[in-house]
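Visitor: predicted coordinates and the sequence they were generated for:
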Amino acid sequence: MPSHHRARRLIFTTLALTGSLLTTSCSSSESAAEAFAKGQTAINEQAWRTAVIELKNALAATEPQLDTASAARARALLGQALMRLGNAVGAEQELTRAQQAGAAFTDYQPWLAQAWLQTDKLDQIVALTIPADLAAPIAAELLAIQATAEFLRGHAADADAKIAAARGRDPQGIFPQLAQARMLLARADTDGARTLAQQVLTQKADSLDALSLLGDIERTANQLAAAEAAYSQALTKLPTLAQVRLNRTLIRIQLRQFDAAREDIAALRDQLDKNPQVDYAEGVLFYAEKNYTQAIEKFDIVLGSNPDFTPALFFLGASHLAEGQIELARLNLQRFVAARPDDVNGLRLLSTAALQGGDAVEAERVARELLKQSPDDTVALDLLANALASQGKTAESLDYLRQVKNQAPDSAQASARLGTVLLAQGDTEAGLRELKTALQQEPTLAGAAEQLIAGYLRSKKPQQALAEAVAWTQREPTSARAQVILGAVYAAQRQWTEATAAYQQALKLDASDLSAINGLTLIALENKDVARAQQILRDGLIARPDHPGLLIALAKLAIINKDNQQALQLLQQAVDKNPDALEAKLYLAAYYLQQNALDKVNELIAPLLKAQPKQAAILELAAEAALTGNDFAAARAHLESLRQQRPKDARVLTALARAEAGVGNITAAKVQLQAAIEVNPKFAPALAAQARLALADTNPAAANEPLNAAAAVLGENHPDILLMTAQQAQRQGRPDTAIAAFKKALDVSNIKTNFDQDDKQWYLVEQLVLGFMRLGDKATALRAGQALEQFQPDSARVQTLLGLLYLNNTKMPEAERAFNQALTIEPGAIAATSGLATLALYAKNPQLAQAQYEKSLALHPGHAALLSGLASVALAQNDKVSAKQYLETAVERNPQQLEPALQLAAFHLQQNEPQAALSVLLPRSDMQANNRIFLGLLAQAHAVARDFTAAYNTLEQLAKLMPNDAKVWLAQADTLLNLNRIDQAESALQQAIKLNADAAPALLMRARIALARRDVKGLKTSLAELKRLPAAETKVVANDIGLLEAKLAELTGDWQAAIVHYKTLLEQSPNAINVMRLSYAQTQAKQITASETTLQDWLDIHPQDSAVRFTLGQHYLVNQRESDAIEQFTLGLANDTNNAVALNNLAWLLRERQPQKALEYARMAHKQAPQLLEVKDTLSIVLMLQDQLDEARQLNRDVLQMQPENLNFLFHRAQILQAAGDTRAAISTLEQILTQSAKAEFAERDAAKGLLARLKTNGN
């Protein structure tokens, strides 16, 4: 039994037409009686619209009005007319009014029941009581309507019983027969339904309901011509049957009677004005005529008024798919399938859209869902096979293609597809056999001959390929494609004259054939005739104006001619003239990527990714751009998405390994490379990358096996192998062997390329040369660079590298010459600009350095490296404001790059602004979970912000990535020590020592642990060991040693010695922390004036230093100089408005002097640090002094709940209780305080005694 909604869709085949019917009443001079009479006449003549107008006029008339009986009948007739026009809602309203006005049962009830049926009021229909004495035909009609309602409710047995009762009351009645026919139709019994409809027409040949139903039956049975005839017969009798005309329109479109359908639509427009169903029909017509743009417009209008109208969703998705708007197609088809999950056509189209959008995984999923519903569906099998083949699952794909072939052995298309995949899998003979079979079955099958010829060429059978190509041109002499393939076969055998003739013949047949144009272009290029190639492409643009492929090809030739400006203009033209052409945007983005203009690349790629997030070509380019910009996290995300679509693509896996290595996840990089090699054991890029990764291992021997494996595939004299051999020799301390291998690599013909355009080769060469630098062998590094210059003197990259090598060897004039030479070759070259700027800084000429950077920045607006360089120049001039602005601009202009963000965060940390650093880092933390550099900086920022828990958690994450890095374990020990987890800190230290941590940092940590344990002996021992280390090792930690000596003096109570050590520290490292340490030691030594002087001297030079100013304020507060304290706290807050301690102190000091200001400060402090009990306590007292006692008491309760024994908080409780008039409770609290303070120090004991005495005196 079908569901309620499914049955309703079968019984009422389209939506009710409820558009503007132009049936409103109009003013008239005729009387109510005249209008009523005209209305009745119109009803008899079936002029329903006229009837509605006249009957409304009759009911609206006031002088004279219709009598009660006539008015009731007029209402009933108006309802009948509205039902005939398809306005069930309006009809129900009028018929209900007729019932209430006392109309005859037979005038309103049959029509009202029909209205209820169309408005889904099924319970009201079933509950209707049919009078026993009602005339048989009307009783039978009502019983038939009740049967339909029961059927729609899912009560089949009750429906059948009602039909039997109806036919019992009126055996020849039309209504029962039609109702039964509709139910049979809903049960898919078209033969039974047709018999009943024809039986009714035998009784009453002009029955519009029977003719309309017959049309619906034939339509369901796919007898389109018969359906069209039935609908036409009904419309001949009554042309205003809008629903019937709409149904006929859709049938005529299916019959491809487009002009007749257009006539129906015009008639519907005249009758219904604006109506979404007419828009839908017109949209279907446009779709059938392949006018997809206008079809999309119409379906959008339909869905605007009814977003859930699934047929429009289906056709809208299909139209977008036909227009190549894949993501929009998928969006609408997904909505359609969600609403109609069993619809086979929807699933087919959705799978097709996913496949065309490059999402083979989703295409496979939908195709499998389709096969669950229709296991033998050859279209579904074919879609699944294609989806699997796209993922490299050719074996499984073949299984399904064979199923298709078995189910349709005479299908030429099935044979062709099977043959194509067999060829792709390497089964050449079987593939060629299937393709031959396809051509025998259908000689002109599109693509079959082409695949057969390609198969012959791949299997090195050029003569058979040529024979098939010639045969094709003979079978189809007017086929341009056949001539193109013939030309390609000749070209494959380097028979240029014959190939040219074939391509030219193709262009005679079709001047716009792109393959022929491209073939002739390639022949011209083969003959080194670039000018001829350009002319061919320009001629092609005459036949294909602004074609993106031709413009792109011309751009490539412009690049060959080193005319980058023309290339850019052509690519931009391709994009501007073809805004929907993905290829043009991708090529333009690729051009910008080649120019390293990453901001332009991202500008183009970002909207493409948003619109088509799973399109493979977009993901590839986005990943490449991210890798180029060192945004390895973003690259990994793109490549992961690509890997899901192509899990067996060695190229994708190798790129993903590079991204994993970039974020510091070396283990994952190795896994991806191994996966790539398993997919293709001879995939050279993966083997080379595996060897390079092994070369980075701390153990030189680890690279031997991967390097040998790569050499076995690439050959010992391959440049990559030679360069890595040189690097291995370099690591093993054999510089002469390394240089010899390096020179040999440069002499190998395969590497003779332009380093300025070959990123991969340049990276290898650069890393080898810089490797000597990392090993401290400056002279050999310079020899390697000079050899490189001899090999390729006109490379901007080579000259820049040479300049850096000269700079490192302090050969400044030579460095300047090399950098200038690089800029001559490539104006604005960023690395060369940085080199010249560095030379200017060496020469103490920051103005020149700034000019160099700004000149290059004008050519590369927003470039991160240039903005970073300008920040460095600003810092060299102590212009921290400008430095910050440059770094912030670098981040803003390059949001996808990580490096600018890291530099900005590092700057904030240098300025002791940890919260600012965290605001830069934390939003990026999810994407950088495996980036070692990022995590190290994040841990440092947390530590400087004193959030040691977060710092430790970050370091734990880092330790998982770098378990053998002693520095990470030392940082963990430091963080644990700050968390007072001393035993764990010691364990972390021991782990660092096992990993050969440098002696000085390890001893320093041991000393700090001893200090934390207040272990004087241990601290002295560690300091003694530190002092015995060579000076070179202790130089870096000299200040730390001095600090530990000062702390040892504090620990032993020798404050004079502590003062001496802190003064030395302050001289060596003048900063605010050392100032405050010295001041504290002086205070402890009772040198109050000296302590104040130390702080004031620093502030005289650094008046903006809020931390020191707050310390001076605290100094005044402790020494009861409250006015001075107020002044210092106020000055400090001008620069640090959110310092909770200073705000709290000011609130306390001003609580009686300026109570309103005190309350403002107290609330600000509470907002900044609501967890601090002292802040809550201050706020409670300030509130008490302003008689805000309820809030004061609540805050006091909060602090005492946390620290019930705190005597200060208890004293303040007593004060609040006294202010609230609760003397007895105040006295009790004070007595408790005095009892407890007898054994503990309490500064306000005397004040508590005094208050208690006063309260007792007043109480007595």
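Guide: Structure's in. What do you need?
Visitor: since we're on Ala395, how many residues are nearby?
Guide: Residues lying near Ala395 (other CB atoms under 10 Å) number 10. Where you see a C-beta, it was placed from the backbone N, CA and C, and this is true even at glycine.
Visitor: just Ile1101 next, same as before
Guide: Look at Ile1101: counted by other CB under 10 Å, it has 8 neighbours.
Visitor: would you check how far apart Ala329 and Asp359 are?
Guide: Taking CB to CB, to the nearest Å as the measure, Ala329 and Asp359 are separated by 12 Å.
Visitor: any chance you could list residues touching both of those two?
Guide: With contacts defined as CB atoms under 8 Å, 6 or more residues apart in numbering, no residue is shared by Ala329 and Asp359.
Visitor: helix or strand right after the helix or strand of the chain with the lowest mean pLDDT?
Guide: In the chain, no helix or strand scores lower on mean pLDDT, DSSP states H and E than helix 4-11, which sits at a mean of 39. Downstream of helix 4-11, the next assigned helix or strand under DSSP states H and E is helix 32-44.
Visitor: I'd like the next helix or strand past that next one.
Guide: Using DSSP H and E, the helix or strand that follows helix 32-44 in sequence is helix 48-60.
Visitor: helices or strands up against that next one?
Guide: Identification of packing neighbours for helix 48-60 by 3 or more CB pairs under 8 Å, 6 or more residues apart in numbering; DSSP states H and E yields helix 32-44, helix 68-84.
Visitor: can you pull the buried residues of that helix?
Guide: Judged by neighbour count using 16 or more other CB atoms under 10 Å, the buried positions of helix 48-60 are Trp48, Arg49, Thr50, Ala51, Val52, Ile53, Glu54, Leu55, Lys56, Asn57, Ala58, Leu59.
Visitor: among the residues you listed, which one sits closest to Leu347?
Guide: The closest of the buried residues of helix 48-60 to Leu347 turns out to be Trp48 (CB to CB; 41.9 Å).
Visitor: distance of the closest one from Leu208?
Guide: Counting by CB to CB, the separation of Trp48 from Leu208 is 12 Å.
Visitor: before we move on, what about Val379?
Guide: Separation of Val379 from Leu208 (CB to CB): 39 Å.
Visitor: is it true that Trp496 touches Ala524?
Guide: No: contact criterion CB atoms under 8 Å: Trp496 and Ala524 do not qualify, at 9.7 Å.
Visitor: more crowded one of those two?
Guide: Ala524 (21 against 15).
Visitor: mind listing what's buried in whichever strand or helix holds that one?
Guide: Assigned by DSSP H and E, Ala524 belongs to helix 514-526. By neighbour count on 16+ other CB under 10 Å, the buried set for helix 514-526 is Leu514, Ser515, Ala516, Ile517, Asn518, Gly519, Leu520, Thr521, Leu522, Ile523, Ala524, Leu525.
Visitor: now those in a markdown table, with distance to Val968?
Guide: Listed next are those as a markdown table, based on distance: CB to CB, whole Å:
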| residue | distance to Val968 |
| --- | --- |
| Leu514 | 58 |
| Ser515 | 59 |
| Ala516 | 63 |
| Ile517 | 60 |
| Asn518 | 56 |
| Gly519 | 60 |
| Leu520 | 62 |
| Thr521 | 57 |
| Leu522 | 56 |
| Ile523 | 61 |
| Ala524 | 60 |
| Leu525 | 55 |
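Visitor: which one of those sits closest to Ala1038?
Guide: Taking CB to CB as the measure, Ala1038 sits nearest to Leu525 out of the buried residues of helix 514-526, at 67.3 Å.
Visitor: ok, and the closest non-adjacent residue to the closest one?
Guide: Nearest residue to Leu525, sequence neighbours excluded (CB to CB, 6 or more residues apart in numbering): Ala533, at 5.1 Å.
Visitor: repeat that for Arg658.
Guide: Once flanking residues are discounted, Arg658 sits nearest to Leu627: 6.2 Å by CB to CB, 6+ apart.
Visitor: hmm, who's touching the host helix or strand of the one you found?
Guide: Here Leu627 sits within helix 616-628, counting by DSSP H and E. The list of residues contacting helix 616-628 from outside it, by CB under 8 Å, 6+ apart, reads 358, 582, 586, 589-590, 593, 596, 598, 601-602, 605, 608-609, 612, 632, 634-635, 638-639, 641-642, 645-646, 655, 658-659, 662, 759, 896.
Visitor: and what of stretch 562-574?
Guide: If you take CB under 8 Å, 6+ apart as the criterion, stretch 562-574 is touched by 546, 548, 551-552, 554-556, 558-559, 581, 584, 587-588, 591, 595.
Visitor: among these, which ones are buried?
Guide: 548, 551-552, 554-556, 558-559, 581, 584, 587-588, 591.
Visitor: taking the contacts of helix 616-628, please make a ChimeraX selection of just the buried ones.
Guide: Restricted to buried positions by 16+ other CB under 10 Å, the ChimeraX selection for the contacts of helix 616-628 reads:
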select :358,582,586,589,590,593,596,598,601,602,605,608,609,612,632,634,635,638,639,641,642,645,646,655,658,659,662,896
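Visitor: in helices only, show me the contacts of helix 616-628.
Guide: When DSSP state H is applied, those are split such that 582, 586, 589-590, 593, 598, 601-602, 605, 608-609, 632, 634-635, 638-639, 641-642, 645, 655, 658-659, 662, 759 fall in helices.
Visitor: next, the buried residues of stretch 471-480.
Guide: Ala471, Trp472, Thr473, Ser479, Ala480.
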